[in-house]
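Peer 1: Would you be able to build a 3D model of this:
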Amino acid sequence: MPAIRHDLRNIAIVAHVDHGKTTLVDAMLRQSGVFRANQEVVDRVLDSMDLEREKGITILAKQTAVEFRGVRINVVDTPGHADFGGEVERTLRMVDAVLLLVDASEGPLPQTRYVLGKALQRRLPVVVCVNKVDRSDARPAEVVHEIEELFLDLDADEDQIGFPILYANARTGRAGHRPDELAGDLGPLLETIVATTPPPSYEPGHPLQFLVTNLDADPYVGRLAVGRLWQGEVRLGDRVGMARRDGTLALAKVTKIAGAIGLSRSDLDHAGPGEIVAIAGLGDVTVGETVTDPDDPRPLPVVSIDEPSISMRFGVNTSPFAGNDGTFLTSRHLKDRLDREVLGNVAIRVVPTASPDTFEVQGRGELQLAVLIEQARREGYELEVSRPEVITRTVDGQVQEPYEAVTLDVPEEYVGVVTQGLALRRGRMTDMVNHGTGWVRLEFRVPARGLIGFRSILLTATRGTAILHHLFDGYDAWAGPINDRVNGALVADRIGTTTGYALWQLQERGELFVGPGTQVYEGMVIGENARPEDIDVNPTREKQKTNFRTHAADEAIRLVPPTVLSLEQAIERVGPDELVEVTPTQLRLRKKVLDAAARGRAAKRARQGR
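Peer 2: Numbers count the residues shown, from 1 in each chain. Presented below is the predicted three-dimensional model:
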């Protein structure tokens, strides 16, 4: 007869990016008395990584706990961006219910569909919360109707369709059962969570079963395995077995058990079934493995993750300026860093290539790989990365490529230019809705190749007003050639320091990425040509001194400010024959072959081969 723990609930908060998940967890923590009265607390307190704060998104799933009327609610805040879906899939293995947060104006977006579909597959009950009801353009009644249609689209069970609906303003920490009647706190929401979430059940006397769904590190005890105790108990000093992915069993000793209370971890002597804890002393344990009783091992199913769809090549920095900034420069350093990433991030794969200095890294999307690159450069690594490429597969002799479901919100006047831009990239419109507010929602199905580099073109065409979201939508037949690179590059033809005089003469040819006083080398891309072909230029030329002084000779040099590319923009703009050089302080675009003569010979052979 299963026993039940009525004092515990485990729930995950899922939503599309920027719909208020982390802000809602902030409010829960504040109202549960986690913070001292005089404690200074930053907004989005769970976004602990620098990158998360800078980008305003959640990258890693994080767990905290709040007390409500004698019940401890373990809350897991998950990422909202599709590129970090691996975190969501693992999180759903730890919880018994899902709190689905939806913006009262934007309604369900692609990632909402993705995370909800994963939750419904796991047969988890759902609590729906319509957030940001204080927005001037909020339309809660229509959004609830869209959510109900989404449940039906995803083939929800009858018991899942009868979900409770609440309304909230997470920023002020208020919730209620009607959008115009919010309580003074989040009490109604927490009451519904406790009532809807099934309490953990377990079999008394069952052997230990602890599924590892995340990894963390402690400076004193080393690697921490984070997960949920499904059966049995674990105590300090226990001898346990680790059921590996390959079917073997390794022995270990538990040296620390930590549970989350508010923002910190507290050391525990033991943990019981249903609890989400971190355990140390398990050696090189990895995500998906089961900690179990060594005398009666009963491993749980391994966590399954969606296949990666994008790949990039990471290599050792081979530019003339290599070693000027970074600390970790060799292929051994790079391989160790990538191996460390794979241990904790099951959505990333590393595949060796023919070159010992280059590795193929596969992931969910450009943003996920850009975050990995940014983390590495901040840790002191120097590397060069290639243009993103899609991972194809062959089915019955036919080549298939990944497709994305794209949702765009654009002003009415830009519908034509956006539609034309995606049509050139083999996109097919599936839906168009005009809300009557001056904005139109467009839905497309586009080959993943067609979206590489499209975001910057979209923002330019719509003057920065368009909002784009996309989600993996399965594999389909190869769509044919896509000409997504319409501009050539301005390439430096020698090493030296750029001068204002030389750049002044070059700026008419296109968009420059460097300003005066910048160190450049032969083969470095210093700008984008207005024409389709590449041009080798001399950005270091100085003005010749003469004895004559005329008005024309002393004409003032007026330079257009250079375009400073972020890492994501550099990855979008890099061409098939180019690389992004990444160091702790610099981002440079460069040709794979630096020597101009060698590039010319290679281009001539390519033309003759046609």
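Peer 1: Would you confirm that Ala156 contacts Leu120?
Peer 2: Yes. With contacts counted by CB atoms under 8 Å, Ala156 reaches Leu120, the gap being 5.3 Å. All C-beta atoms are positioned from the backbone trio N, CA, C, and that covers glycine.
Peer 1: Tell me both backbone torsions, phi and psi, for Thr394.
Peer 2: Dihedral pair for Thr394: phi -110, psi 120, per degrees, to the nearest 10.
Peer 1: give me the beta-bridge partners of it?
Peer 2: Val399 (DSSP bridges).
Peer 1: Surely Met540 touches Arg494?
Peer 2: Quick fix: residue 540 reads Thr, not Met. Yes. Between Thr540 and Arg494 there is a contact at 6.4 Å, judged by CB under 8 Å.
Peer 1: So the two - more neighbours on which side?
Peer 2: Thr540 (19 against 16; other CB atoms under 10 Å).
Peer 1: how about that one, what does it touch?
Peer 2: Applying CB atoms under 8 Å, 6 or more residues apart in numbering, we find Thr540 in contact with Ala492, Arg494, Gly496, Thr497, Thr498, Thr499, Ala502, Val520.
Peer 1: what is the fourth one paired to in the beta sheet?
Peer 2: When you say that, I think you mean Thr497. With DSSP bridges as the rule, Thr497 is bridged to Gln519.
Peer 1: Distance of it relative to Glu508?
Peer 2: 21 Å (CB to CB, to the nearest Å).
Peer 1: which of those two has more neighbours?
Peer 2: Set Thr497 next to Glu508 and count neighbours by other CB under 10 Å: Thr497 wins out with 12 against 8.
Peer 1: List the residues that contact the more buried one.
Peer 2: By CB under 8 Å, 6+ apart, Thr497 lies in contact with Gly517, Thr518, Gln519, Val520, Thr540.
Peer 1: per-residue pLDDT, it?
Peer 2: pLDDT, Thr497: 93.
Peer 1: and if you look at Lys118?
Peer 2: Lys118 is given a pLDDT of 79.
Peer 1: is it true that it touches Leu92?
Peer 2: Yes. With contact defined as CB under 8 Å, Lys118 reaches Leu92; the gap is 5.7 Å.
Peer 1: Pick out whichever of these two has more residues nearby.
Peer 2: Per other CB under 10 Å, whichever of Lys118 and Leu92 has more neighbours is Leu92, with 22 against 19.
Peer 1: Doesn't Val88 lie inside a helix?
Peer 2: Yes. With DSSP: H, G, I helix; E, B strand; the rest coil as the criterion, Val88 is located in a helix.
Peer 1: ok now do Glu341, which residues does it touch?
Peer 2: By CB under 8 Å, 6+ apart, the neighbours of Glu341 are Ile348, Val350, Leu372.
Peer 1: Could you pull out the strands in the stretch 251-400 of the chain for me?
Peer 2: 256-261, 264-267, 270-271, 276-280, 290-292, 310-316, 349-352, 358-363, 383-385, 389-390, 393-395, 398-411 (DSSP state E, counting those that start in this stretch).
Peer 1: closest to Val143 out of the ones you listed?
Peer 2: strand 398-411 (14.4 Å; CB to CB).
Peer 1: I'd like to know which elements the closest one is packed against.
Peer 2: Applying 3 or more CB pairs under 8 Å, 6 or more residues apart in numbering; DSSP states H and E, one finds that strand 398-411 contacts helix 110-121, strand 393-395, helix 415-424, strand 439-447, helix 448-451, strand 467-477.
Peer 1: The last one vs strand 310-316, what angle?
Peer 2: The directions of strand 467-477 and strand 310-316 differ by 100 degrees, with axes from the mean of the first three to the mean of the last three CA atoms, to 10 degrees as the criterion.
Peer 1: so what strands line up beside strand 467-477?
Peer 2: Strand 467-477 pairs in its sheet with strand 398-411 (antiparallel), by DSSP bridges.
Peer 1: Quick check: buried residues in the strand it pairs with?
Peer 2: Neighbour counts over strand 398-411 (16 or more other CB atoms under 10 Å) mark Glu401, Pro402, Tyr403, Glu404, Ala405, Val406, Thr407, Leu408, Asp409, Val410 as buried.
Peer 1: Show the contacting residues for Ser386.
Peer 2: Contacts of Ser386 (CB under 8 Å, 6+ apart): Met312, Arg313, Gly315, Val574, Leu579, Val580.
Peer 1: my read: the first one touches Leu383, true?
Peer 2: No. Met312 lies out of contact with Leu383 (CB under 8 Å); the separation is 10.6 Å.
Peer 1: Of these two, which one has the most company?
Peer 2: With neighbours defined as other CB under 10 Å, Met312 and Leu383 compare such that Leu383 has more, 27 against 22.
Peer 1: quick one: contacts for that one?
Peer 2: Neighbours of Leu383 in contact, by CB under 8 Å, 6+ apart: Phe314, Gly315, Val316, Asn317, Leu334, Ile373, Ala376, Arg377, Val582.
Peer 1: buried subset of these?
Peer 2: Those of the contacts of Leu383 that meet the buried threshold are Phe314, Gly315, Val316, Asn317, Leu334, Ile373, Ala376, Arg377, Val582, by 16+ other CB under 10 Å.
Peer 1: Val285 and Asp246, how far apart?
Peer 2: From Val285 over to Asp246 (counting by CB to CB), the distance is 13 Å.
Peer 1: okay, those two: which has more neighbours?
Peer 2: For Val285 and Asp246, the more surrounded residue by other CB under 10 Å is Val285, and the numbers stand at 23 against 6.
Peer 1: Need the buried ones among the contacts of Leu383 in a markdown table (columns: pLDDT and distance to Val302).
Peer 2: Formatted as a markdown table, the buried ones among the contacts of Leu383 follow (pLDDT from 0 to 100; distance: CB to CB, whole Å):
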| residue | pLDDT | distance to Val302 |
| --- | --- | --- |
| Phe314 | 94 | 27 |
| Gly315 | 93 | 31 |
| Val316 | 93 | 33 |
| Asn317 | 92 | 36 |
| Leu334 | 92 | 28 |
| Ile373 | 90 | 28 |
| Ala376 | 91 | 28 |
| Arg377 | 90 | 32 |
| Val582 | 92 | 33 |
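Peer 1: Identify, from the residues you listed, the entry nearest to Ala477.
Peer 2: Once CB to CB is applied, the member of the buried ones among the contacts of Leu383 that ends up nearest Ala477 is Phe314, at 29.9 Å.
Peer 1: rewinding a little: determine which stretch of the helices and strands packed on strand 398-411 is the most buried.
Peer 2: helix 448-451 (a mean of 24; mean count of other CB atoms under 10 Å).
Peer 1: what are the bridge partners for the closest residue to Asn434 other than its chain neighbours, then?
Peer 2: Closest residue to Asn434 apart from its sequence neighbours, by CB to CB, 6 or more residues apart in numbering: Val440 at 5.0 Å. Note on Val440: beta-bridge partners by DSSP bridges are Val410, Asn434.
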